[in-house]
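K.L.:
Predicted model and sequence below, questions to follow.
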Amino acid sequence: MGALYKRLLEARTDAIRSRNVATLSIFRTVIGESELKAKMKSNRPDPEPTDDEVLAIIDSNLKSARDNATLGRGADAALFEISVLEHYKPKQIDRDLLDFTITEIAQDRSAAVGPLTMKDIGPILSKLKDLYGGQYNPSEASAIAKILIVGAPL
């Protein structure tokens, strides 16, 4: 069982005990979607979600809540959901460490395969995910890798 999934199950139990309906609804949604995602990816009848699967669901729900807050649709509820879910996200690495790590990975790959092309972005980001999965913005990491490969400035 993923550690994050276990934390969410414990938080759901606490919300049930304290009769916190708003928080309970958030946890039930994330847990249910995570379990569904794990079932769809597995042949087992009762697979437990990995931390990556749970983080993907949390990220998706955070994006949705941010969109709702921005558009004013249930802004108070959306802001509450954001505050609850942010607590379960891993600490994000800073931009300097992200730049440094991607540069190191790209240099290692270049030493192994020669000059880098756009086809090398996938393996570079895959290695980054192995090292810091869930701790960085994937769009930002992709942009940094592209800049390194094509040499264009930000």
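P.N.:
Right, received. Where do you want to start?

K.L.:
can you give me the mean pLDDT across the strand or helix carrying Ile144?
P.N.:
Following DSSP states H and E, the helix or strand that holds Ile144 is helix 138-150. Mean per-residue pLDDT for helix 138-150: 90.

K.L.:
Which strands and helices lie in contact with that helix?
P.N.:
Using 3 or more CB pairs under 8 Å, 6 or more residues apart in numbering; DSSP states H and E, the elements in contact with helix 138-150 are helix 95-113, helix 121-132. The C-beta positions use only the backbone N, C-alpha and C, and glycine is treated the same way.

K.L.:
where does the chain dip in pLDDT?
P.N.:
In the predicted model of the chain, residues 1, 44-45, 152-154 satisfy pLDDT under 70.

K.L.:
Name the residue most distant from the centre of it?
P.N.:
In the chain, the greatest distance from the average C-alpha position (CA atoms, centre = their mean) is reached by Gly114, at 31.1 Å.

K.L.:
hmm, who's touching stretch 66-79?
P.N.:
Ala22, Ala65, Ile82 (CB atoms under 8 Å, 6 or more residues apart in numbering).
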